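> Here is a sequence with its predicted model. Questions after.
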Protein chains: 2
Amino acid sequence: MSKENIVVLGAGSFGTTLANVLCINGYPVKLWSKSQNVANDINQNHRNSKYLGDNSLSRNLRAETDINVAVNNSDYILWAIPTQAIRSVLSEYIDKLNHDHYHINVAKGIESSSKKRVSELFEEFGIDLNHFALLAGPSHAEEVVAKQATAMSSISLNHNLAKKVQEFFVTDFLRIYTNTDLVGSEMAGAFKNVVAIACGICDGFGLGDNAKSALVARSISELSGLVDYFGGSRETLSGLTGVGDLIATCFSKHSRNRHVGEQLGKGKDIQTVLSEMVMVAEGVKTCEAFHKIQAELPIEMPIVEATYQIMYEGQSVSDMIQGLMTRAAKDEF
Amino acid sequence: MSKENIVVLGAGSFGTTLANVLCINGYPVKLWSKSQNVANDINQNHRNSKYLGDNSLSRNLRAETDINVAVNNSDYILWAIPTQAIRSVLSEYIDKLNHDHYHINVAKGIESSSKKRVSELFEEFGIDLNHFALLAGPSHAEEVVAKQATAMSSISLNHNLAKKVQEFFVTDFLRIYTNTDLVGSEMAGAFKNVVAIACGICDGFGLGDNAKSALVARSISELSGLVDYFGGSRETLSGLTGVGDLIATCFSKHSRNRHVGEQLGKGKDIQTVLSEMVMVAEGVKTCEAFHKIQAELPIEMPIVEATYQIMYEGQSVSDMIQGLMTRAAKDEF
């Protein structure tokens, strides 16, 4: 039986890495890159220097700059582009897609303009959620491409699709679990990028592991309220896509969201920080989305709010930390 | 009104640090040290070079090597000695204690010989749990003594006692919450020291943040089963004494348990590792205790078991990791 055709949209670090895993597993893959330079680098040098340094990629991995050619004949579309860019790609190419396509998303964010999770965005474009899966968990591309042991979760309301995605990616260095809690996983994935910025602020400001660990613990309480409200499962929060991904992002040198926070904590302003980065930090716009969500709902999100105030309202980091530490002593729960 | 007299038993890094906080807050404190050298260093040089390097301590902090003199006239006893040593100190000095004493424990372990939590050990010696509190959370002594922002939890079945302990320690760099879940907090505190060894093994073996984050997430699932069985609260696990302390220990350069694991991961045997250390790593004996608990109860503890096999049965690290990564793909929950 011939293997499924898969197209990966987005040749950033994670898209390239996942396309490479699919190649290793023998799937016919096309990787769509907007950049001719990146595509040439992949096709000629078998690497993606811009996003993945010197790591060598499968010689079978082919990049393509024409999205129509890339998507043609595909059965599965893996979306590895930033959350805020998904709408424009969907709008432009929705006519080329058909109802048989299956979609796998790996972006972790909330669309700022609509406050929608990524699956809600796909629904808006008429895509049945039985054709939608999320692949998530603690998975820095830099480690996966180097074949370092990693565990992820494949999440879909359609268990057969979740199993299929599991089959695509499982290798001796990549262990894939399945899960059905799309709401909890999407919320947790988006939220952790905001917390990573907050943790980075602590790092940049010179706070230690005690403070960061307390912040992460408090963030889980904040996320629990959010997930309860939207009908996700708390169990998810203690799993790979919850606390697993959260700590990978908050404590790792690889996280670009933590990096943004670290620069803010050192006193740079957000525009300067973003202008110095090659990659997109999803947490920046997603923080804005959560700020809007909080404003409309009976949910308290003090960590989101503090991060928002620092990024968007120019609040000083030291005032914010001072305020958090000197609130009245109280019960933990 | 005169402030309460507090004696701190154990002049290791954490005992010294907490005694110093009490001094800063104006309490009359005596710090009991077994070592005359450490006591001299504290009394003459206002530091504890053996355990806390160059950090300067309050000039009011007095160390005492005679435990009888130290305990005399005290109202509160703070126990900052290793879990496995508590029984012998209790046995020797129980006659000197009276029913009015309040006990605050900061040790995080399970007694290996009896499989008891520390509070159960105190109960065995006739101490009413209304006179017992635990002070816990992500609090590396190296950061607290340097007055870096830290949040902890004061846990007691006696809410008034929990509030009193909160009052003792709250400062502008130390934020103290209260909580009543003694079982959950004690289990989580002991368990995290074992997980820290497992994480250290990953570090020493060269695994990355992805693998460690997955391990920590899976460990929360393992701990949840344990806490459910013994009647603790799952809420605690997502708080300061649960995931907060767990990540502080698993990801920090300060953790001695993580250090033990790191040396094991590099191929050293446990006897060599322990012989090279100044401080006690609670997780080593506590792992043995959990191994015994697991053997008698219908609870699966794969991370405890793997760590036990590596430390006590000479199982190879690579075989263990290979085994964990190549199990059949399955549902996450």
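Done, it's in.
> If I look at the closest residue to chain B within the stretch 1-150 of chain A, what pLDDT would I see?
Among the residues of the stretch 1-150 of chain A, residue A:138 lies nearest to chain B; the distance is 3.5 Å by Cβ to the nearest Cβ. C-beta coordinates here come from the backbone N, C-alpha and C atoms, glycine included. Residue A:138 carries a pLDDT value of 96.
> distance of residue A:28 from residue B:201?
Counting by Cβ to Cβ, to the nearest Å, the separation of residue A:28 from residue B:201 is 39 Å.
> biggest helix in chain A by residues?
helix A:182-205 (DSSP state H).
> circling back to that earlier point, please verify my assumption that the residue of the stretch 1-150 of chain A closest to chain B contacts residue B:209.
Yes - if you go by Cβ atoms under 8 Å, residue A:138 and residue B:209 touch, sitting 7.1 Å apart.
> List the buried residues in stretch A:170-186.
Residues of stretch A:170-186 classed as buried by neighbour count (16 or more other Cβ atoms under 10 Å in any protein chain shown): A:170-171, A:173-186.
> Report how far apart the opening and closing residues of that stretch are.
End-to-end distance for stretch A:170-186: 21 Å, by Cα to Cα, to the nearest Å.
> just how off-centre is stretch A:167-176 within its chain?
In terms of Cα atoms, centre = their mean, to the nearest Å, the centre of stretch A:167-176 is found 19 Å from the chain centre.
> which stretches of chain A form strands?
With strands called from DSSP state E, chain A shows them at A:6-9, A:29-32, A:62-64, A:76-79, A:102-105, A:110-111, A:116-117, A:132-136, A:150-155, A:174-179.
> Just name the most buried of these.
Across the strands of chain A, the average number of neighbours (mean count of other Cβ atoms under 10 Å in any protein chain shown) peaks for strand A:150-155, which reaches a mean of 29.
> Touching stretch A:107-114 from outside, list them.
Identification of contacts with stretch A:107-114 by Cβ atoms under 8 Å, 6 or more residues apart in numbering or on different chains yields A:79-84, A:86-87, A:116-118, A:120-121, A:124, A:136, A:186, A:189-190, A:192-193, A:245, A:282-283, A:285-286, A:288-290, A:292-293.
> Also stretch A:283-291?
With contact meaning Cβ under 8 Å, 6+ apart, stretch A:283-291 is reached by A:83-84, A:108-112, A:115, A:190-191, A:193-194, A:196-197, A:226, A:257, A:260, A:270, A:274, A:301, A:304-305, A:307-308, A:311-312.
> again with stretch A:302-318
So stretch A:302-318 is contacted by A:191, A:194-195, A:197-198, A:201, A:204-205, A:215, A:218-219, A:222, A:261, A:264-265, A:267, A:269-270, A:283-284, A:287-288, A:290-291, A:294, A:320, A:324 (Cβ under 8 Å, 6+ apart).
> of those, buried ones?
Buried by 16+ other Cβ under 10 Å: A:191, A:194-195, A:197-198, A:201, A:204-205, A:215, A:218-219, A:222, A:261, A:264-265, A:270, A:283-284, A:287-288, A:290-291, A:294, A:320, A:324, out of the contacts of stretch A:302-318.
> and residue A:54, how many residues sit next to it?
Counted with other Cβ atoms under 10 Å in any protein chain shown, the neighbours of residue A:54 add up to 6.
> Just list the residues touching it, thanks.
residue A:47.
> Within range of chain B, give me the residues from the stretch 1-150 of chain A.
Within the stretch 1-150 of chain A, the positions near chain B by Cβ under 8 Å from any Cβ of the partner chain are A:137-140, A:143-144, A:146, A:148-150.
> Type out the ChimeraX command that picks the buried ones from the residues you listed.
Here is the ChimeraX command that picks out the buried ones among the residues of the stretch 1-150 of chain A next to chain B, judged by 16+ other Cβ under 10 Å:
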select /A:137,138,139,140,143,144,148,149,150
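> and the two most separated of the residues of the stretch 1-150 of chain A next to chain B?
With Cβ to Cβ as the measure, no two of those lie farther apart than A:137 and A:146, at 16.9 Å.
> pLDDT at the one residue sitting closest to the centre of chain A, what is it?
By Cα atoms, centre = their mean, chain A has its centre lying nearest to residue A:108, at 2.9 Å. Looking at residue A:108, its pLDDT reads 96.
> so where is the stretch 201-333 of chain A shaky, pLDDT-wise?
Along the stretch 201-333 of chain A, segments meeting pLDDT under 70 span A:323-330.
> please redo it, this time with the cut-off set to 80
A:278-279, A:320-333 (pLDDT under 80).
> Write out the residues of it neighbouring chain B.
Listed as neighbours of chain B in the stretch 201-333 of chain A under the rule Cβ under 8 Å from any Cβ: A:207-214, A:216-218, A:220-221, A:224, A:235-240, A:242-245, A:247-248, A:251-254, A:321, A:325-327, A:329-333.
> burial count for residue A:231?
10.
> so who does it touch?
Counting by Cβ under 8 Å, 6+ apart, residue A:231 makes contact with residue A:183.
> Residue A:78 bridge partners, please.
Here residue A:78 sits in beta bridges with residue A:8, residue A:104, going by DSSP bridges.
> Could I get the contacting residues of it?
Residue A:78 neighbours (Cβ under 8 Å, 6+ apart): A:6-9, A:15, A:18-19, A:103-106, A:135.
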